[in-house]
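Peer 1: Sequence isn't available, so here's the structure alone:
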């Protein structure tokens, strides 16, 4: 009788031990299947065609050649419409004008029939029109100025972007972005434990999801793969995808994709994605031509494109821009901060 009782008791304990173990195995198996699925989703989109780009429609480019009847004012008017800046002609997108002469630092442009390289062009006028044309590119008898965009054919998502390579980013863009959005970008693996704990603390104090605690990788995941839903489930999915993204791809690839994917406002029905298009939309210039305050303004918009839109909320955009400049001054070498702070004091 006692033996039967002990045997039944042992079987009961065995069941109590086995059931949790089986449940744990099932849960781990389910988690493994889920992560395998998420990993496949992450790699499929990141390695495939990442974006559907709109087809751009350009105006007829202005052609410069000896004997052309274009006047100096015609050329200056075109440069103004293309947002070329008067200056020293030392950088692309600038020019110097004097009596009967304009020196232009052309940006360069890929036409269907040829690649017009970046070059410095000197145009001189005589009584009958353009009298001479001299360029830093040899054997140039006809030069076309980069044309103006007049329209586009957009994909179904109504997204627009101008793709840029990380190597083509202006000098201050990446330092400003990292100093403001993710100082430890090169030291974490997709998720910041400190940032997450800080965000969880704030969320618990307010009883709702108010802070994201997101790294640049998490921000990219949210924009690239997920919706704007603010729930704990979506946050956990975001963290898992960020870890997988960093597992498969380099920081260089992730940062370059972020620069092209981040949302920076709305132009009518079309979403503005990436710093390349944002530079054209807000300043009418290629991203490479922007100065430090302009770069800082765009970086500041990452936090809230509608709230910091310089056209709708200029004062808020100005304050946020100064915050970015100050962030950079604190995170960069001792020689650089003065350059960033100079713009804050000048515009205060």
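Peer 2: Okay, I see it. From a predicted model like this one, the values you see are computed outputs, not experimental measurements.
Peer 1: Walking through this structure, point out its helices one by one.
Peer 2: Per DSSP state H, the chain carries helices over the ranges 2-47, 72-81, 173-181, 193-206, 216-224, 232-248, 251-261, 275-283, 292-301, 314-331, 337-347.
Peer 1: ok, now how distant is the residue nearest the centre of the chain from residue 285?
Peer 2: Closest to where the C-alpha atoms of the chain average out (C-alpha atoms, centre = their mean) is residue 259, at 2.4 Å. Applying C-beta to C-beta, to the nearest Å, the value for residue 259 to residue 285 is 16 Å. For the C-beta atoms, the positions are set from N, CA and C on the backbone; glycine is no exception.
Peer 1: Also residue 38?
Peer 2: Going from residue 38 to residue 285 by C-beta to C-beta gives 39 Å.
Peer 1: ok, now residue 95?
Peer 2: 13 Å.
Peer 1: Tell me which of the two has more neighbours.
Peer 2: For residue 95 and residue 285, the more surrounded residue by other C-beta atoms under 10 Å is residue 95, and the numbers stand at 22 against 19.
Peer 1: shaky segments in the stretch 201-348 of the chain?
Peer 2: Applying pLDDT under 70 to the stretch 201-348 of the chain flags the ranges 201-213, 331-348.
Peer 1: Try it again at 90.
Peer 2: Regions of the stretch 201-348 of the chain meeting the criterion pLDDT under 90 cover residues 201-214, 221-241, 243-245, 247-249, 261, 266-272, 280-281, 283-286, 288-292, 326-348.
Peer 1: one step back: with distance to residue 163 added, can I get the helices of the chain in JSON lines?
Peer 2: Rendered in JSON lines, the data for those read as follows (distance: least, C-beta to C-beta, whole Å):
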{"stretch": "helix 2-47", "distance to residue 163": "15"}
{"stretch": "helix 72-81", "distance to residue 163": "24"}
{"stretch": "helix 173-181", "distance to residue 163": "15"}
{"stretch": "helix 193-206", "distance to residue 163": "29"}
{"stretch": "helix 216-224", "distance to residue 163": "14"}
{"stretch": "helix 232-248", "distance to residue 163": "19"}
{"stretch": "helix 251-261", "distance to residue 163": "5"}
{"stretch": "helix 275-283", "distance to residue 163": "6"}
{"stretch": "helix 292-301", "distance to residue 163": "16"}
{"stretch": "helix 314-331", "distance to residue 163": "24"}
{"stretch": "helix 337-347", "distance to residue 163": "27"}
